[in-house]
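Peer 1: I would like to see how this sequence folds:
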Amino acid sequence: MSEFPARDDRAAHGEHPRRVLLKLSGEVFGGGEVGLDPDVVADAARQIADAVRAGIQVAVVVGGGNFFRGAQLSARGMDRARADYMGMLGTVMNALALQDFIEKAGVPARVQSAIAMTQVAEPYVPLRAIRHMEKGRVVVFGAGAGLPYFSTDTVSAQRALETHCTELLVGKNGVDGVYTADPRKDPDARLLTELTYERALAEGLQVVDASAFALCRDNDLTMRVFGMGQDGSITRALLGERIGTLVRRG
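Peer 2: Below you'll find the predicted structure:
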């Protein structure tokens, strides 16, 4: 039996349920290695399913760094646009894996792809994605923006805004929030429980791309950066618990 509450009835009382977008990097899916770690993906899917059963509307943007990184392939001589398209295909593989494990956890899920591949995924249609979430389905966005040179960080902010999410959640491996410096290199680095977009951009805190920070700041979308290391952290973030670092406009 789940430790989390049953699905709430805020919608029945005219209130808007919490709708959030979760960004998961490709490194999460690979457990830090190249390829896919089924145990890691199954655990993330279970936590997402727990939050949906508690009444949270969830969309997910997945990275593909466990398979391909366009910038790294480009640095080795490959055409950057072609390398980025390869990375997008990697995100679709991760999206399909997450969909499968979410459904095995008892919650329906749909994959929407920014690149047309109708045999395995729906095309990206924001209004359809919203309707899926209203019906209790998880929507997993794959293929990034469908365009080269755009990171999945930026896509996460864009998808969150277009589907009217109230918060962008960024799950990180190896850290439990935003620090004043890299805690793996600087023993004096301090965890920041709250942070403004202005400070993050001014100090070059590389949690997500600067363009993602700017997009959230300009549209007053809050972001919460949290660590994936603790048991149940994804569900806690989806439910709105105060974990990690809250980033908002100053």
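Peer 1: Every contact and neighbour count from this point should use C-alpha atoms.
Peer 2: Fine.
Peer 1: Buried residues, the helix or strand where residue 85 lies. List them.
Peer 2: With the criterion set as DSSP states H and E, the secondary-structure element containing residue 85 is helix 80-104. Of the residues in helix 80-104, those buried by neighbour count under the rule 16 or more other C-alpha atoms under 10 Å are 80, 83-103.
Peer 1: Which strands or helices does it pack on?
Peer 2: For helix 80-104, the elements it packs on are helix 26-30, helix 38-53, strand 57-62, helix 70-75, strand 109-113, strand 138-142, judged by 3 or more C-alpha pairs under 8 Å, 6 or more residues apart in numbering; DSSP states H and E.
Peer 1: burial count for residue 194?
Peer 2: Burial of residue 194 is recorded as 14 neighbouring residues (other C-alpha atoms under 10 Å).
Peer 1: my read: it touches residue 245, true?
Peer 2: Yes. The pair formed by residue 194 and residue 245 meets the contact definition of C-alpha atoms under 8 Å, at 5.3 Å.
Peer 1: So residue 68: helix, strand or coil?
Peer 2: coil (DSSP: H, G, I helix; E, B strand; the rest coil).
Peer 1: Distance of it relative to residue 61?
Peer 2: Between residue 68 and residue 61 the distance, using C-alpha to C-alpha, to the nearest Å, works out to 16 Å.
Peer 1: and the most centrally placed residue in the chain, what is it in contact with?
Peer 2: By C-alpha atoms, centre = their mean, the mean C-alpha position of the chain lies nearest to residue 23, the distance being 0.9 Å. For residue 23, the contact set (C-alpha atoms under 8 Å, 6 or more residues apart in numbering) comprises 60, 61, 62, 63, 153, 156, 168, 169, 170, 171.
Peer 1: Now tabulate the residues you listed in JSON lines and tack on distance to residue 125 and neighbour count.
Peer 2: Below are these laid out as JSON lines (distance: C-alpha to C-alpha, whole Å; neighbours: other C-alpha atoms under 10 Å):
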{"residue": "60", "distance to residue 125": "14", "neighbour count": "24"}
{"residue": "61", "distance to residue 125": "14", "neighbour count": "27"}
{"residue": "62", "distance to residue 125": "17", "neighbour count": "30"}
{"residue": "63", "distance to residue 125": "19", "neighbour count": "33"}
{"residue": "153", "distance to residue 125": "19", "neighbour count": "23"}
{"residue": "156", "distance to residue 125": "15", "neighbour count": "28"}
{"residue": "168", "distance to residue 125": "19", "neighbour count": "27"}
{"residue": "169", "distance to residue 125": "21", "neighbour count": "25"}
{"residue": "170", "distance to residue 125": "23", "neighbour count": "26"}
{"residue": "171", "distance to residue 125": "25", "neighbour count": "24"}
